[in-house]
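Undergrad: here is a sequence together with a model predicted from it:
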Amino acid sequence: MTERPLTRRTVLGASLAGLSLASKLHAVAATSTAPSSSGPAYDGPAHTLGLFDRTPREFAFNGSTPQDVKKWQEAFRPRLRELLGVTFMEREIPFEGRAEKAETVRKEGYTQEKWYLWTEPDVPLPLWVLIPDQPAARPYPLVLTPHGHNEPEIYIGVANDEAARKSIAEGQRDIAVQAVRQGYLAVLPTARGFGETKRSDDRHLKKIHSCRTELMHQMLFGRTPVGCRVWDISRILDWIGRRYEIDPKRIAITGNSGGGTTSVFAPACEERITVAVPSCYFCTFRDSIGSIYHCECNYVPGLLRLGEMWDVAGLIAPRPFRAIAGREDPIFPIDAVHRSYEQLRRIYRAAGAEEQCTLYVGDGGHRYYSDGAWPFIRQAFGL
């Protein structure tokens, strides 16, 4: 999920909005200069479309009862965790919960702490914990707020330039601040490849992230960037309950775009998360990252051989789930969001929890919609 313009997508985004996937793919192909040849032409986008049609999904859900859902999840979840690389990490990485507080800052209505948590022996992950002066309940309800393709500090309301200020003001991306003002303990983790975890050469070049190198290097070891971010969320949950008084029945996750990715995959793999609210990500793989140029960190080799996005999100059932979407979002088209949502509701219906699966559509583009998040989370928390 990139929240910064990418050249090819920027050029094509407006003109492709509303088209079918096939039309999009052929429109993209038409913008390319074909080599001079008298032989048959290879149509790469059409080939990709064919793969979506021909590739079987091993865990495409086809049950109808709560027992079917449970059996399907018990088979699918371990395979997804293995594909992401989480299983290898669990086998090989000792986690001791080492953490070091870097600073404490008093804000209006809350206290902000910065920590480094060693999620691996050589990974001091920067994160922020926001503690409300007046909690909504005790022990603290917890909201994890993974960020998207921007500087992590935007989620705690810190803007280093005009683009960041606009992102906060117009895109409501100070999500950790919103969460703590709701009375929740909020945690903002740095996504690997961003902020202080960027590679030094990318920092020197003033790049926003190191996602491509992260993907290429992680794949050498059977890992993925998505899997590393899921792993980090789980290690935060291991640690946070030792340091703060957390209500284990009230743990939500919500983030926009790339944060939406983590807000789908983390609760799919991590059952301690009780509420999932991804923003501007839930769609179909076919119509989003499978049809346009996208950041490398989104890709998991072989994922479509397991399931579509609604199958992955189905691992969250029967826990409360709300997808937030922008009606005019060009990279997660709303028609595909609705199609995926109907498939996910079918899984929730089979789980006997159809009312726990909802969709909020905001009148705008690729941004966060706070009105769609906080009333739902408060209701799910029973507050």
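TA: Cool, the structure landed. Numbers count the residues shown, from 1 in each chain.

Undergrad: please name the nearest non-neighbouring residue to Gly171.
TA: If the residues on either side of it in the chain are set aside, Gly171 comes closest to Arg367, at 3.8 Å by Cβ to Cβ, 6 or more residues apart in numbering. C-beta here means a position set from N, CA and C on the backbone, and glycine is covered the same way.

Undergrad: roughly how far apart are the nearest residue to Val69 once chain neighbours are set aside and Ala268?
TA: Closest residue to Val69 apart from its sequence neighbours, by Cβ to Cβ, 6+ apart: Ala351 at 4.3 Å. Distance of Ala351 to Ala268, computed by Cβ to Cβ, to the nearest Å: 14 Å.

Undergrad: and if you look at Ala137?
TA: With Cβ to Cβ as the criterion, Ala137 and Ala268 are 26 Å apart.

Undergrad: neighbour count for those two, which is higher?
TA: Neighbours per residue, other Cβ atoms under 10 Å: of Ala137 and Ala268, the larger number sits with Ala268, 24 against 13.

Undergrad: burial check on Gly109, number of neighbours?
TA: Neighbours of Gly109 using other Cβ under 10 Å come to 13.

Undergrad: tell me the phi and psi of it?
TA: phi 90, psi 0 (degrees, to the nearest 10).

Undergrad: change the start of the numbering to 894 and stick with it
TA: Got it, first residue is 894 now, which makes that one Gly1002.

Undergrad: residue contacts, the nearest residue in space to it that is not next to it in sequence?
TA: Once flanking residues are discounted, Gly1002 sits nearest to Asp1026: 5.4 Å by Cβ to Cβ, 6+ apart. Asp1026 makes contact with Gly1002, Tyr1003, Thr1004 under the criterion Cβ atoms under 8 Å, 6 or more residues apart in numbering.

Undergrad: where exactly do the strands run in this structure?
TA: 992-1000, 1003-1013, 1016-1025, 1033-1037, 1078-1082, 1139-1149, 1168-1172, 1214-1219, 1250-1255 (DSSP state E).

Undergrad: which one of these lies closest to Tyr1192?
TA: Proximity to Tyr1192, assessed across these by Cβ to Cβ, is greatest for strand 1168-1172 (17.4 Å).

Undergrad: who are the packing partners of the closest one?
TA: Packed against strand 1168-1172 by the contact rule (3 or more Cβ pairs under 8 Å, 6 or more residues apart in numbering; DSSP states H and E) you find strand 1139-1149, helix 1151-1162, strand 1214-1219, helix 1263-1274.

Undergrad: the shortest one vs helix 1263-1274, what angle?
TA: This means strand 1214-1219. Relative orientation of strand 1214-1219 versus helix 1263-1274 (axes from the mean of the first three to the mean of the last three Cα atoms, to 10 degrees): 180 degrees.

Undergrad: what does strand 1214-1219 contact?
TA: 1153, 1168-1173, 1175-1176, 1206, 1225, 1227, 1230, 1234, 1237, 1241, 1249-1255, 1257-1262, 1265-1266, 1269.

Undergrad: send me that strand as CSV with only the CA atoms.
TA: The C-alpha coordinates for strand 1214-1219 follow below in CSV (Å, rounded to 0.1, in the frame of the first residue of the first chain):
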residue,chain,number,x,y,z
PHE,A,1214,-14.2,-7.2,11.6
ARG,A,1215,-14.8,-3.9,9.8
ALA,A,1216,-13.3,-3.1,6.4
ILE,A,1217,-13.0,0.7,5.7
ALA,A,1218,-12.8,1.7,2.1
GLY,A,1219,-12.7,4.9,0.1
